[in-house]
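In: Okay, predicted coordinates and the sequence, questions at the end:
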Amino acid sequence: MTVADSRITNSVLGENINSKIRVSPNPISEYLTINVENPLEKREVILVDMLGNEVINYKTNLQENKIIIPISQLSDGMYILRVKSDTNSMTERVFILK
């Protein structure tokens, strides 16, 4: 798979995670917003730059259905977003453009 692919990968165990998690906006200018349909699972949100450096690692609480992460400290460019739970995970590329 190449970096030019729009969706890097989706790993799902038992259900379609795309219908459960929405990431917006893309490109990101101030805040990364992740809407979660099922807030009863703890999730880990990881943002990785193109050099492989983990620049954000955020662990959710059980009742969070909307996760808002400020990105003002990050440089413009492409990043890899991973959202993981105990039962599934998704990986998507996102762009920061301020």
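Out: Everything's here; your move. These numbers were taken from a predicted model, which means no experiment stands behind them. Residues are numbered from 1 along each chain as shown.

In: you'd agree Ser29 is up against Phe95?
Out: No. In this structure, Ser29 is not within contact of Phe95 by C-beta atoms under 8 Å, at 9.8 Å. C-beta: built from backbone N, CA, C; applies to glycine.

In: was I right about Ser89 contacting Ile46?
Out: No. Shown here, Ser89 and Ile46 do not form a contact pair, counting by C-beta under 8 Å, at 9.8 Å.

In: Name the residues contacting each of these two.
Out: Here Ser89 and Ile46 share the contacting residues 82-83, scored by C-beta atoms under 8 Å, 6 or more residues apart in numbering.

In: low-scoring stretches of this structure, by residue?
Out: Applying pLDDT under 70 to the chain flags residues 1-19, 39.

In: What segments of it are strands?
Out: Using DSSP state E, the strands of the chain run over 9-12, 21-24, 31-36, 44-49, 54-59, 66-70, 77-84, 88-96.

In: In CSV: these, plus mean neighbour count.
Out: Below are those laid out as CSV (neighbours: other C-beta atoms under 10 Å):
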stretch, mean neighbour count
strand 9-12, 12
strand 21-24, 15
strand 31-36, 17
strand 44-49, 18
strand 54-59, 13
strand 66-70, 13
strand 77-84, 18
strand 88-96, 18
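
In: tell me the contacts of the residue nearest in space to the middle of the chain?
Out: Closest to where the C-alpha atoms of the chain average out (C-alpha atoms, centre = their mean) is Leu81, at 3.8 Å. Residues in contact with Leu81 (C-beta under 8 Å, 6+ apart) are 23, 32, 45-48, 91-94.

In: and what of Tyr58?
Out: By C-beta under 8 Å, 6+ apart, the contact set of Tyr58 is 44-46, 67, 69.

In: Please name the bridge partners of it.
Out: Assessed by DSSP bridges, Tyr58 has beta-bridge partners Val45.

In: Next one: it from Met78, what distance?
Out: As judged by C-beta to C-beta, to the nearest Å, Tyr58 and Met78 stand 19 Å apart.
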